[in-house]
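Visitor: How does the following fold in three dimensions:
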Amino acid sequence: MYRETNQRSIVKGISWRVVATTTTILIVYFFFDRLDLAIAAGLIETVLKVALYWGHEKIWQRIHWGKKKIDPFNLWFTGLPLSGKTTIADKVYTELEKLHIPIERIDSKDIRDLIPDIGYTREDRNRHMHRIGFLIQRLQKNSISTVATFVSPYTESRKAIREMVKNNIVIYVKADIETCKSRDYKGVYDRAMKGELKNFSGINDVYEEPQHAEITVDTNKLSADEAAEIIAKYVKKHYVK
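Guide: Purely as a prediction, here's the structure:
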C-alpha cells in the first residue's frame, strides 16, 4: 500500500488554504468593509491553519482505527495452451492495478526463462509448482497479491498451490482443443502432434479439468474482455471491498 509523503500533505494543505483563505477574506471584507483587515485575517489564518492541517494529517496517519487491511490473494489461471489465459490475465491485472493495491504478474514463460532447465514431465511440473507456490507465499508475506498463469494440468499440483497460498482463486480458462489449435500462432500444437514436443497438455499428455474452480470462463463463448470483467468483478466483490 502507499503512504502519504510529507510533501504531498503540504501541497494538499496549501491548495485547500488558497480556497479557504479567499473565502475568509471575502467574508471579513463583506462584514467590515475593510480590505486591510480582511487581508490580515486571511494571512494569519493561512499560516496557522496550514500548520494545523499538516499536524492533523500526521496524527491520523498513526491511527489505525477505521482502516481495513486488504488480505493478499492469488488469481491462478489454468487451462490448455492457447486457451486464452495470458490475454485474460493481463487484462485483469491492468484493471486491478487501477485499485492501487500491491499486485504482481507471474507468467509461466517468464519463470521458465529464469529457470530454463525445468522439464515437462509430471514430476518436473509438480516440483515446479512448489517453487511457484513458495514464490507466491513470499510475496503474500509482504501483502502483495498475484495474478499467475500456468497450464498446471494436474490436479495434485493445483491442490498444492491451494494449500500453500492464502486466498487462492482458481480460474479455469476453458476452451476445447480445436479452438486452441485454431489460435496456435506459435505452431506448438502442430509440433506436438508430430511428436516434436513431448508431454504437451491436451495432445500427448493429460489436462485434468479443475473440479472446484472458483471461476470458469469459457472462451468458446466469451470474449477476453467479457471474461476479464467477470473475474475483476469477483475480486472486487470478495477481496477489495
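Visitor: For the longest strand anywhere in the chain, the averaged confidence score.
Guide: Of all the segments of type strand in the chain, defined by DSSP state E, the longest one is strand 168-174. Here strand 168-174 scores 98 as its mean pLDDT.
Visitor: How about stretch 55-62?
Guide: Mean predicted confidence for stretch 55-62 is 88.
Visitor: can you pull the buried residues of that stretch?
Guide: Glu57 (16 or more other C-beta atoms under 10 Å). Placement of C-beta: from N, CA and C, glycine included.
Visitor: where does the protein dip in pLDDT?
Guide: With pLDDT under 70 as the threshold, the chain has low-confidence stretches at 1-4.
Visitor: give me the element Val217 is part of.
Guide: strand 215-218 (DSSP states H and E).
Visitor: for that strand, which positions count as buried?
Guide: Quick answer for strand 215-218 (16+ other C-beta under 10 Å): Ile215, Val217.
Visitor: One more: stretch 120-129?
Guide: Quick answer for stretch 120-129 (16+ other C-beta under 10 Å): Tyr120, Arg125, His128, Met129.
Visitor: Domain boundaries for this structure, per the record?
Guide: As recorded under the TED database, the domains making up the chain are 6-62, 74-239.
Visitor: Any chance of a markdown table for those domains, columns distance to Lys68?
Guide: Formatted as a markdown table, those follow (distance: least, C-beta to C-beta, whole Å):
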| stretch | distance to Lys68 |
| --- | --- |
| domain 6-62 | 15 |
| domain 74-239 | 11 |
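Visitor: Tell me which of the ones you listed sits most buried.
Guide: Ranked by mean neighbour count under mean count of other C-beta atoms under 10 Å, those are led by domain 74-239, which reaches a mean of 17.
Visitor: got a list of what the residue nearest to Val28 when sequence neighbours are not counted touches?
Guide: In space, and not counting its chain neighbours, Val28 is closest to Ala38: 3.9 Å by C-beta to C-beta, 6 or more residues apart in numbering. Ala38 makes contacts with Thr24, Ile25, Leu26, Val28, Tyr29, Phe32, as judged by C-beta atoms under 8 Å, 6 or more residues apart in numbering.
Visitor: could you redo the last one with a cut-off of 7 Å?
Guide: Counting by C-beta atoms under 7 Å, 6 or more residues apart in numbering, Ala38 touches Ile25, Val28, Tyr29.
Visitor: coming back round to it: ok, the buried residues of stretch 120-129 vs Ile59, which is closest?
Guide: Using C-beta to C-beta, Met129 comes nearest to Ile59 of these, at 46.7 Å.
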